[in-house]
Each structure stands twice: as structure tokens, then as C-alpha cells.
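Colleague: I'll drop the sequence and a predicted model, then ask my questions.
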Amino acid sequence: EVAQYVLKWTETQQFLQRLTDFLRFLLPHYKREGKGQLVVGIGCTGGKHRSVTIAEALKNAFEGEYPVRTMHRDMDKDN
């Protein structure tokens, strides 16, 4: 599976952990300021593998705490 392949790399795991930590720091400040949403864009060369894996991992990390919506813009595009 693509996600398993992408997530097996130490660099990917570190990136995801740092991004998750950053968002965990940032989101309470957004909420306290009364902001209703934060848009996070994740991109990669084709938009079908790495970015999708990272976006889904972020969704899974925050789903129980915040309303999360994902949109994979390039999934149906031919590259």
C-alpha cells in the first residue's frame, strides 16, 4: 500500500510529527481568537501519493478534537 510505503521513512515520520506538533500549538490560538477555520495545504509532485498520505494522517490525528475536512484536489487528474 502507498501509505505504508510513504510512512515507513524516518524523514516522513519526523515531518509528520513536527507538523502535527505545530498544528497542536497553533489551533488553540486560532480558536481563542475566534477564527472558525484553518486551511492547510499539502502538496507533492503528482498530488496522488505523498500529499494524500500526509493529509489523511493529519485528518486521523485531529479528527476527534476538531472538525476536519479533507479534499484531494489532484486525485482525479491525469499527470
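Modeller: Right, received. Where do you want to start? Numbering: from 1, shown residues only.

Colleague: dump the residue contacts of Tyr66.
Modeller: By Cβ atoms under 8 Å, 6 or more residues apart in numbering, the contact set of Tyr66 is Leu27. Heads up, the C-betas are built off the backbone N, CA and C, glycines and all.

Colleague: just the helices in this protein please.
Modeller: All helices of the chain, identified by DSSP state H, fall at 2-7, 10-32, 50-62.

Colleague: Buried ones in the last one, by neighbour count?
Modeller: The neighbour-count criterion (16 or more other Cβ atoms under 10 Å) identifies Arg50, Ser51, Val52, Thr53, Ile54, Ala55, Ala57, Leu58, Ala61, Phe62 as the buried residues of helix 50-62.

Colleague: Now do it: everything it contacts.
Modeller: 2-3, 6-7, 12, 15-16, 19-20, 23, 27, 40, 42-44, 68, 70, 72, 74-75.

Colleague: tell me the mean pLDDT over stretch 36-49?
Modeller: Taken as a whole, stretch 36-49 has a mean pLDDT of 83.

Colleague: Please disregard the earlier target; I meant stretch 10-23.
Modeller: Mean pLDDT, stretch 10-23: 97.

Colleague: buried stuff in that stretch?
Modeller: For stretch 10-23, burial by neighbour count (16+ other Cβ under 10 Å) applies to Thr12, Leu16, Leu19, Leu23.

Colleague: Between the two ends of stretch 63-70, how far is it?
Modeller: 11 Å (Cα to Cα, to the nearest Å).

Colleague: Look up how far Asp21 lies from Tyr30.
Modeller: Distance, Tyr30 to Asp21, by Cβ to Cβ, to the nearest Å: 15 Å.

Colleague: do the same with Ala61
Modeller: Taken as Cβ to Cβ, the span from Ala61 to Asp21 is 10 Å.

Colleague: Could you do Glu63 as well?
Modeller: 17 Å.

Colleague: What of Arg32?
Modeller: Taking Cβ to Cβ as the measure, Arg32 falls 18 Å from Asp21.
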